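> this one's sequence-less:
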């Protein structure tokens, strides 16, 4: 929400204050010489007089309130309250697959990614999003879709479910209510298809690449791939092969690396090489809080790649200000007439 | 103030009194104050010590005994003015003039009549914190001082009206029997002062001049604020223009005024309620005339 003509609002409010100040300082001089009377104390015992005085006081207070409301509402209205939206029309043909490693080491990072995307859903117009998670095996939570209600609901539920410290829970350091545990288990169901293996990253990425449909349509395709690349098992593909497949299908790869967990720099280097060999981009941060800004950077980067020029679209919201101004004007007329 | 108050009052009285009333004022002004039963020119036998010049020779010749005209202290009447110089008397009267001006005109009328017949006029006024008192004198200078004292002590900064104190004070400081004129407003003396008034009437011949207050709502004068001298407060236009409020206020004032009139009637005190400076002289003349015939009617 922004005010396009905020200075008009400022001027009007200033004018209102100046008018008030002038009338305040001159409030007595407006009246001419008073009529002195005496022996009128009895009037306080006349009910109709007391009532009239009280009504007058209420009406006066209401007049002041309505006048203030009118000035405020008129100022707001003339300030042109508008909502600003940055639109990149070319984005509408994007397909985005969130490809998340849900091994225990990715605790907190996945939550941030899902939450950020859930927040972004309302700005989507035509984009399609899919969510695929993997550990030893892969599961597609939902395929590419532009059913934004579903996307947002699934992302929020996922963000909540994945906010689960599995290692801590197993070691007994963290305790969760049963409901929470059940939610987590249900969410990662199917990602542990191979016993005693975890984070089969290349296979996970390869299956994410399978999620894209409409191969003949001219759409921008991208994978947001979050993993620490700590493979613990026997993948079918190598990472190079997996990124190669991604590149073959004309998919942009945006990799997020949260930092080493157990594996040394070799894992990171492998991931970096594999990503950058295929013109993908790699972002690294050990701070889960940095994810929203990284996703913003991905968005921007993608905008450049697509040649999209983000434009500011302003939508005026005059209804509230107009209705308030109108109502307070009606109020001033009614009260002014009543006080005559 | 170039002219003296007394002169101005005389001018006003002359202006207000037609030829019909002129006789009352110019002639035997004394007759206005008749009614005490004392006859100044009765005769009595000469006793050693009486003035030789007081002997009525014609009567002496007729009766053969030395007779003198009685020129005793009853000849010189004592008048007293009990002036309510409270702040409420500085307010507006019913006719839009100042209640103080109406009071000065009423007091001036008493002074004027006293001057005609050489009566002595004293004054009691003020409030508990600043009592005012002037002795009985008859000189023009004294009468002028009396009127000026009333004029200058009646301001909006004066004490609030306290009719009980004023009546008590008038009773205590006026030892001699007088023709007493109480000048106050429509709300006074309050009905609670009944006992005080009755005590006052046992010693004095009392007249009460009440000056009506202006309408406290002033519904036609919305350009002007209405301020009560004793209790300043804002009276909203809505209250001032409401017909119901106006009705209720008028009813209350009528009831209060009637209560006071009834009390004064019960005490057989001559009283009047005048609208202000424009009417006070006519109303006083009418009251004094009716007093003249009071005994005739009774």
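Received it, and whenever you're ready, just let me know what you need. A quick note: this is a predicted structure, and the numbers were derived from the prediction, not measured.
> Let me see the contact set for the closest residue to chain B within the stretch 51-200 of chain A.
Across the stretch 51-200 of chain A, the shortest distance to chain B (CB to the nearest CB) belongs to residue A:56, at 3.1 Å. Placement of C-beta: from N, CA and C, glycine included. The contact partners of residue A:56, by CB atoms under 8 Å, 6 or more residues apart in numbering or on different chains, come to A:339, B:236-239.
> JSON lines for those, including pLDDT?
As requested, the contacts of residue A:56 are exported to JSON lines (pLDDT from 0 to 100):
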{"residue": "A:339", "pLDDT": "57"}
{"residue": "B:236", "pLDDT": "83"}
{"residue": "B:237", "pLDDT": "82"}
{"residue": "B:238", "pLDDT": "82"}
{"residue": "B:239", "pLDDT": "85"}
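> Now render these as TSV, adding distance to residue B:62.
What follows is those, written out as TSV (distance: CB to CB, whole Å):
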residue	distance to residue B:62
A:339	85
B:236	79
B:237	79
B:238	80
B:239	76
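> Return the member of those residues nearest to residue B:191.
Distance to residue B:191, by CB to CB, is smallest for residue B:239 among these, at 26.8 Å.
> The nearest residue to the closest one once chain neighbours are set aside: which element?
Leaving aside its sequence neighbours, residue B:239 sits nearest to residue A:52 (CB to CB, 6 or more residues apart in numbering or on different chains; 3.7 Å). According to DSSP states H and E, residue A:52 maps onto helix A:47-78.
> which other helices and strands contact the helix or strand containing residue A:119?
Assigned by DSSP H and E, residue A:119 falls within helix A:109-120. Using 3 or more CB pairs under 8 Å, 6 or more residues apart in numbering or on different chains; DSSP states H and E, the elements in contact with helix A:109-120 are strand A:94-101, strand A:128-134, helix A:148-162, strand A:220-226, helix A:291-306.
> what's near enough to touch the residue lying closest to residue A:196 once chain neighbours are set aside?
Excluding the flanking residues, the one nearest residue A:196 by CB to CB, 6+ apart is residue A:233, at 7.5 Å. Neighbouring residues of residue A:233 by CB under 8 Å, 6+ apart: A:136, A:194, A:196-200.
> From residue A:118, how far out is the residue nearest to residue B:239?
If you measure residue A:52 against residue A:118 using CB to CB, to the nearest Å, the figure is 60 Å.
> Pick out whichever of those two has more residues nearby.
Neighbour totals were compared for residue A:52 and residue A:118, and residue A:52 leads with 24 against 18 (other CB atoms under 10 Å in any protein chain shown).
> Identify the residues contacting residue B:274.
By CB under 8 Å, 6+ apart, the contact set of residue B:274 is B:102, B:106, B:209-212, B:280, B:283-284.
> try it again with 10 Å
Residue B:274 is in contact with B:93-95, B:102, B:105-106, B:186, B:209-212, B:280-284, B:286-287, counting by CB atoms under 10 Å, 6 or more residues apart in numbering or on different chains.
> Mark which of those are part of helices, please.
Judged by DSSP state H, the contacts of residue B:274 include B:102, B:105-106, B:280-284, B:286-287 as members of helices.
> just for the chain, where's the confidence low?
Went with chain A since none was named. For chain A, the stretches flagged by pLDDT under 70 are A:28-32, A:88-91, A:307-310, A:338-340.
> Switch to chain B, please.
By pLDDT under 70, the weakly predicted segments of chain B are B:1-2, B:15-42, B:49, B:70-76, B:292-298.
> In it, which residue sits furthest out from the middle?
Largest separation from the mean C-alpha position in chain B: residue B:64, at 45.9 Å (CA atoms, centre = their mean).
> follow-up on the earlier one: separation between the residue nearest to residue A:196 and residue A:197?
Residue A:233 is 3 Å from residue A:197, by CB to CB.
> what do you get for residue B:257?
Taking CB to CB, one finds residue B:257 at 110 Å from residue A:197.
> I'd guessed residue B:200 sits against residue B:173; true?
No: applying CB atoms under 10 Å, one finds residue B:200 not in contact with residue B:173, separated by 11.9 Å.
> For residue 284, which non-adjacent residue is closest in space?
If you meant another chain, say so; for now it's chain A. Counting by CB to CB, 6+ apart, residue A:284 lies nearest to residue A:257, which is 4.7 Å off, once chain neighbours are set aside.
> The chain in question should be chain B.
residue B:109 (5.4 Å).
> Which SSE is immediately downstream of the strand or helix carrying that neighbour?
Using DSSP H and E, residue B:109 maps to helix B:99-117. Next helix or strand after helix B:99-117 toward the C-terminus (DSSP H and E): strand B:120-126.
> Might you report the residue contacts of residue A:329?
Residue A:329 touches A:66, A:69-70, A:73-74, counting by CB under 10 Å, 6+ apart.
> wait, residue B:187
Counted by CB under 10 Å, 6+ apart, residue B:187 has contacts A:38-42, B:88, B:161, B:163, B:210, B:212-213, B:253, B:256-257, B:260.
> which among those residues end up buried?
A:38-40, B:88, B:161, B:163, B:210, B:212-213, B:253, B:256-257, B:260 (16 or more other CB atoms under 10 Å in any protein chain shown).
> how about those in TSV, adding secondary structure and distance to residue B:266?
Shown next, in TSV, are these (DSSP: H, G, I helix; E, B strand; the rest coil; distance: CB to CB, whole Å):
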residue	secondary structure	distance to residue B:266
A:38	coil	26
A:39	coil	22
A:40	coil	27
B:88	helix	25
B:161	coil	22
B:163	helix	17
B:210	strand	16
B:212	coil	21
B:213	strand	23
B:253	helix	21
B:256	helix	16
B:257	helix	15
B:260	helix	11
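> Tell me the buried residues in stretch A:12-30?
Residues of stretch A:12-30 classed as buried: A:12-13, A:16 (neighbour count, 16+ other CB under 10 Å).
> Nearest to chain B among the residues you listed?
residue A:16 (24.4 Å).
> For that closest one, give me phi and psi.
phi -60, psi -40 (degrees, to the nearest 10).
> Look up the closest residue to it, ignoring the ones flanking it.
Once flanking residues are discounted, residue A:16 sits nearest to residue A:71: 4.2 Å by CB to CB, 6+ apart.
> Residue A:17 is in contact with the one you found, correct?
Yes: with contact taken as CB under 10 Å, residue A:71 and residue A:17 are classed as touching, separated by 9.1 Å.
> still on that earlier bit, nearest to residue A:110 among the ones in helices among the contacts of residue B:274?
residue B:102 (96.2 Å).
> one step back: the residue nearest to residue B:284 contacts residue B:280, doesn't it?
Yes: Residue B:109 is within contact range of residue B:280, at 7.6 Å (criterion: CB under 10 Å).
> neighbour-wise, which of these two wins?
Neighbour tally, residue B:109 and residue B:280, criterion other CB under 10 Å: the higher count belongs to residue B:280, 28 against 25.
> relative to strand B:120-126, how tilted is the helix holding residue B:109?
Here helix B:99-117 runs at an angle of 160 degrees relative to strand B:120-126 (axes from the mean of the first three to the mean of the last three CA atoms, to 10 degrees).
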